[in-house]
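Participant: Would you be able to build a 3D model of this:
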Amino acid sequence: MDRFKPLILIFALLFTNSVFAEDSTEGATGSRIVGYGEDDHSTSSLEQMLEQPFVAAKVETCLPESKADPKVVDSDVIECLWTNEDLGLTKKEKEKVYEMLAVDKDDGEQYNSNLGNFKTEKSSAAKKLETYLGKKLEEALSKDAVDGGLKATSDHIVFYRLYRSQLGQNLIRQISSYCIYADEEGKFPSSPNEGNLNSNKEKNLENLGKLTDEQDKSLAFGGFSKCIQNIGLSCQTGTATLGLVSVPDGMDVISSCELNRMMTSIKKSIEKTSDLIDGFKEINDGSRIEFRNANMTEVKVPELTNMGSKELVADSGYEEENRAIAESLKENCVGKTNAEKDENCKNFLTTKEENDAILNESDFRNRALASKVEHDIEESKYDLDTIKKVYKEQGLSDEEFEKLQEQAENQKNSDADCDTAEQCLANNIKARYENERDAINKALKAKLESTQYDPDNPDSAADKLDSLATKYEEASQNLAEIYQYANIVSAFIDVENEDTGEKMKNTAALSAELESNYFSASTNNGREDNTVDVRDLSELSQFSSDAGSDDTSDVNLSNTMVNDIQWGTGEKESANE
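Facilitator: Modelled structure (predicted):
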């Protein structure tokens with residue numbers, strides 16, 4: 001068992017990071033962004049650039065005359081550096097910055113999109129869930145395996161299959177956390193606000209346990225299947241009704257462009273993990289890999305990567321710990337003058353100075369990335385090979401890029417501002433990068449402000465902590481709702497069986513939800529307050545055992561399906577509406 005312990009820890013971290021996007025920090029009970037999480041020992045990219053004389057000189061020209069401290073660089077100055085042709089960086093100077101900021105040199109990528117890597121403290125509730133998941137995995141893995149133990153190659157394949165399956169589950173959950181706010185046509189309000197988005201969410205949750213007129217799927221799946229087809233296009237065009245382009249203040253919801261960036265990152269990780277699995281299979285002579293528990297019963301990957309909403313939120317202790325955090329904040333911090341000085345309160349808070357450093361670092365990197373895409377394409381005079389390289393780093397195959405070329409041929413000389421297919425392709429990818437940059441910046445700013453207090457206002461910290469207490473009170477039910485929605489709608493997507501290659505419906509998550517429903521009548525009756533809405537899912541039980549469904553094999557979204565969601569490169573019936 002000892003050899004599996006590092007893998008158990010990594011798997012548990014992957015699961016909880018997908019839910020909370022947090023890194024563990026000892027001693028913290030709150031959840032706040034505290035830095036840019038790449039190399040703790042390294043100087044930030046922005047600080048490194050400001051030390052360069054040619055950058056420092058342009059900073060001075062971009063600073064307004066009223067600026068008191070020339071060392072304080074804000075978002076306006078960063079925007080000036082990258083976009084102001086008269087005052088900002090020249091083409092040659094930008095090229096120097098691109099070279100200094102180069103990422104992923106080992107694999108040759110130049111347009112890396114994984115630049116939202118922030119260091120965030122993990123709440124004690126998230127840690128509680130992480131511990132639960134680690135114990136669950138440890139109990140499932142065998143101490144001794146058949147024929148004296150698993151070979152080294154088998155150990156690696158088991159882990160990588162677990163890792164890939166969890167990545168795929170994370171992808172579905174992130175998409176679900178977005179589409180749960182779409183209407184029954186998969187569209188979003190032209191002017192989204194907390195009221196109309198939550199109304200859509202409640203309707204989708206009500207429809208989970210209902211069946212379509214054909215009795216062949218959950219009624220909630222229709223809106224989901226239409227929603228996913230518009231994610232990429234809404235980010236590219238900025239069309240509000242096609243997707244959630246702008247998130248209302250105070251709502252912890254992902255935008256279409258944030259989701260698009262995240263999908264690219266997860267998709268590429270899945271692809272690299274699949275390559276590793278294939279490599280180890282060759283070493284292992286292609287023989288079938290299994291792993292067993294202490295009773296010598298074969299353990300299936302979906303048994304470890306899927307769980308119902310009740311197990312996730314209630315059984316794990318996550319709900320109980322969230323309640324304890326909220327109670328502690330109310331008792332020790334809310335209504336207290338200068339609450340930021342209290343040991344029970346300060347780890348939940350950040351200052352504007354701290355937040356600005358993080359926001360400016362992110363803004364600088366992402367503006368550099370968007371600028372490099374535009375620079376390289378324009379410098380190549382819209383060379384098709386250069387454009388193709390940018391698209392390929394988005395995880396597209398040659399065949400999928402050819403489909404985009406065909407779409408661009410139809411797009412040129414129409415309403416689009418492009419006369420050639422190359423110009424259309426260039427405009428589309430530049431718009432994606434720029435819109436992703438803007439969305440990530442806005443989302444990060446909102447997250448940072450949710451924990452920011454004003455040191456000059458003695459009541460500011462207490463007011464902020466009051467809002468955070470409410471957030472922790474609502475966190476458990478919100479998470480359960482998203483997980484239940486994801487577990488159910490994902491069961492009606494036709495996906496490819498990893499072992500056989502045939503199309504099937506992945507009902508493993510649905511089976512897990514039917515066994516452990518946070519919103520069941522029996523679960524609700526066991527609560528002290530008895531206030532959670534009851535959701536009957538009994539009509540869905542037939543689908544977990546139908547022909548063409550599979551709740552035991554490792555089946556998930558393929559890269560082809562993800563690229564279709566992002567770029568519209570596949571057949572429209574792939575969503576199985």
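Participant: where in the stretch 401-550 of the chain is pLDDT low?
Facilitator: Along the stretch 401-550 of the chain, the parts satisfying pLDDT under 70 run over 415-416, 496-499, 501, 525-531, 545-550.
Participant: For it, just list every one of the helices.
Facilitator: Under the criterion DSSP state H, counting those that start in this stretch, helices of the stretch 401-550 of the chain are mapped to 421-449, 460-489, 508-515, 521-525.
Participant: Out of those, which gets nearest to S177?
Facilitator: For S177, the closest of these is helix 460-489, at 4.9 Å, according to CB to CB. Using the backbone N, CA and C atoms, a C-beta is placed for each residue, glycine as well.
Participant: buried set for the closest one?
Facilitator: 460-462, 464-466, 468-469, 471-473, 475-477, 479-489 (16 or more other CB atoms under 10 Å).
Participant: can you check stretch 394-414 too?
Facilitator: 394-396, 400-401, 403-405, 407-408, 411-412.
Participant: cool, and stretch 347-363?
Facilitator: Across stretch 347-363, burial judged by 16+ other CB under 10 Å covers 347-350, 354-363.
Participant: Neighbours of T569, how many?
Facilitator: 23 (other CB atoms under 10 Å).
Participant: you'd agree it is up against L396?
Facilitator: Yes. Applying CB atoms under 8 Å, one finds T569 in contact with L396, separated by 7.1 Å.
Participant: Can you pull the residues that touch both of those two?
Facilitator: 404, 563 (CB atoms under 8 Å, 6 or more residues apart in numbering).
Participant: which ones are touching the residue nearest to C345 when sequence neighbours are not counted?
Facilitator: Once flanking residues are discounted, C345 sits nearest to C333: 3.9 Å by CB to CB, 6 or more residues apart in numbering. Neighbouring residues of C333 by CB under 8 Å, 6+ apart: 339, 342, 344-345, 348, 461-462, 465, 469.
Participant: Return the closest of those with respect to N517.
Facilitator: Out of those, the member with the shortest distance to N517 (by CB to CB) is A469, at 27.5 Å.
Participant: follow-up on the earlier one: for the buried residues of stretch 394-414, give me TSV that also has distance to S558.
Facilitator: TSV is the format used below for the buried residues of stretch 394-414 (distance: CB to CB, whole Å):
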residue	distance to S558
Q394	16
G395	11
L396	13
E400	12
F401	17
K403	16
L404	18
Q405	22
Q407	21
A408	24
Q411	26
K412	30
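Participant: Between all of those, which two are separated the most?
Facilitator: Using CB to CB, the buried residues of stretch 394-414 span at most 24.8 Å, a distance reached by G395 and K412.
Participant: Please report the distance of the residue nearest to C345 from Y318.
Facilitator: 21 Å (CB to CB, to the nearest Å).
Participant: what do you get for C80?
Facilitator: From C80 to Y318 the distance is 45 Å (CB to CB).
Participant: Repeat that for T420.
Facilitator: 54 Å.
Participant: just the strands in this protein please.
Facilitator: 33-36, 118-120, 494-497, 503-506, 549-550, 555-556 (DSSP state E).
Participant: start to end distance for stretch 304-318?
Facilitator: Distance across stretch 304-318, first residue to last, is 18 Å (CA to CA, to the nearest Å).
Participant: Now that stretch: buried residues?
Facilitator: Neighbour-count burial for stretch 304-318 [16+ other CB under 10 Å]: 304-314, 316-318.
Participant: Now do the residue lying closest to C62 once chain neighbours are set aside against G279, distance only.
Facilitator: Ranked by CB to CB, 6+ apart and with sequence neighbours excluded, the top spatial neighbour of C62 is C80, at 3.6 Å. Separation of C80 from G279 (CB to CB): 48 Å.
Participant: The two: who's more crowded?
Facilitator: Neighbour count, other CB under 10 Å: between C80 and G279, C80 has more, with 20 against 14.
Participant: got the contact list for that one?
Facilitator: Per CB under 8 Å, 6+ apart, neighbours of C80: 62, 87-88.
Participant: Switch the helices of the stretch 401-550 of the chain over to a markdown table; also include distance to A125.
Facilitator: What follows is the helices of the stretch 401-550 of the chain, written out as a markdown table (distance: least, CB to CB, whole Å):
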| stretch | distance to A125 |
| --- | --- |
| helix 421-449 | 17 |
| helix 460-489 | 7 |
| helix 508-515 | 21 |
| helix 521-525 | 19 |
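Participant: what's the closest of those to G209?
Facilitator: helix 460-489 (8.2 Å).
Participant: Now do that closest one: which elements does it pack against?
Facilitator: helix 152-179, helix 194-207, helix 221-229, helix 309-310, helix 318-332, helix 508-515 (3 or more CB pairs under 8 Å, 6 or more residues apart in numbering; DSSP states H and E).
Participant: Please repeat the previous calculation with a cut-off of 6 Å.
Facilitator: helix 152-179, helix 309-310, helix 318-332, helix 508-515 (3 or more CB pairs under 6 Å, 6 or more residues apart in numbering; DSSP states H and E).
Participant: Can you list the helices and strands that the second one packs against?
Facilitator: Here helix 309-310 is seen to pack against helix 460-489 when contacts are counted using 3+ CB pairs under 6 Å, 6+ apart.
Participant: The helix it packs on vs helix 421-449, what angle?
Facilitator: The directions of helix 460-489 and helix 421-449 differ by 130 degrees, with axes from the mean of the first three to the mean of the last three CA atoms, to 10 degrees as the criterion.
Participant: what's the angle from helix 460-489 to helix 318-332?
Facilitator: Going by the same axes, to 10 degrees, helix 460-489 makes 170 degrees with helix 318-332.
Participant: got the contact list for stretch 178-189?
Facilitator: Residues outside stretch 178-189 that contact it (CB atoms under 6 Å, 6 or more residues apart in numbering) are 196-197, 200-201, 204, 223-224, 226-227, 241, 244, 254, 259, 485.
Participant: Would you check which pair of these lies furthest apart?
Facilitator: T241 and Y485 (21.2 Å).
Participant: Spell out which residues make up each domain of the chain.
Facilitator: Domain assignment for the chain by the TED database gives 4-37+117-121+153-292+305-326+465-567, 45-116+352-450.
Participant: could you dump those to a markdown table with distance to G134?
Facilitator: Output for the domains of the chain, formatted as a markdown table (distance: least, CB to CB, whole Å):
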| stretch | distance to G134 |
| --- | --- |
| domain 4-37+117-121+153-292+305-326+465-567 | 4 |
| domain 45-116+352-450 | 25 |
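Participant: comparing these, which gets the lowest mean pLDDT score?
Facilitator: Lowest mean pLDDT of the domains of the chain: domain 4-37+117-121+153-292+305-326+465-567, a mean of 82.
Participant: so how far is it from its chain's centroid?
Facilitator: Its chain's C-alpha centre and that of domain 4-37+117-121+153-292+305-326+465-567 lie 10 Å apart, by CA atoms, centre = their mean, to the nearest Å.
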